[in-house]
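Participant: Test case, fold it:
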Amino acid sequence: FGLKEARGEELLALAEQLLPRGEARDFNLALIDFGALVCTARKPRCKECPLSEMCAARSVH
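Facilitator: You can find the predicted model right below:
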């Protein structure tokens, strides 16, 4: 998503605000599915991606 470096504490705080307690497992599995089906390394499906408007990698593909 265009992040240049990991900001662990900031990202953790954001995740805690956005995710209901106890839902981290489902969220992580959804991210894995998203990477496998939409945001793939070889042939990303940017036109179908719900995050494409905010994605820095979209301009590359």
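Participant: Low-confidence bits of the chain, can you list those?
Facilitator: Within the chain, the segments meeting pLDDT under 70 span 1-6.
Participant: longest helix of it?
Facilitator: Of all the segments of type helix in the chain, defined by DSSP state H, the longest one is helix 24-37.
Participant: tell me which residues of it are tucked away?
Facilitator: For helix 24-37, burial by neighbour count (16 or more other CB atoms under 10 Å) applies to no residue. Heads up, the C-betas are built off the backbone N, CA and C, glycines and all.
Participant: and that helix, how far from the chain's centre?
Facilitator: Taking CA atoms, centre = their mean, to the nearest Å, one finds helix 24-37 lying 9 Å from the centre of the chain it belongs to.
Participant: for stretch 12-27, same thing?
Facilitator: Distance of stretch 12-27 from the chain centroid (CA atoms, centre = their mean) equals 13 Å.
Participant: Quick check: end-to-end length of it?
Facilitator: End-to-end distance of stretch 12-27: 13 Å, with CA to CA, to the nearest Å as the criterion.
Participant: Quick one: the helices in this protein, in order.
Facilitator: Secondary structure of the chain (DSSP H): helices at 8-18, 24-37.
Participant: Run the angle between the shortest one and helix 24-37 for me.
Facilitator: Same thing as helix 8-18. If you take axes from the mean of the first three to the mean of the last three CA atoms, to 10 degrees, helix 8-18 sits at 110 degrees to helix 24-37.
Participant: Touching helix 8-18 from outside, list them.
Facilitator: Helix 8-18 has contacts (CB atoms under 8 Å, 6 or more residues apart in numbering) with residue 24.
Participant: buried sites along that helix?
Facilitator: Residues of helix 8-18 include none that count as buried (16+ other CB under 10 Å).
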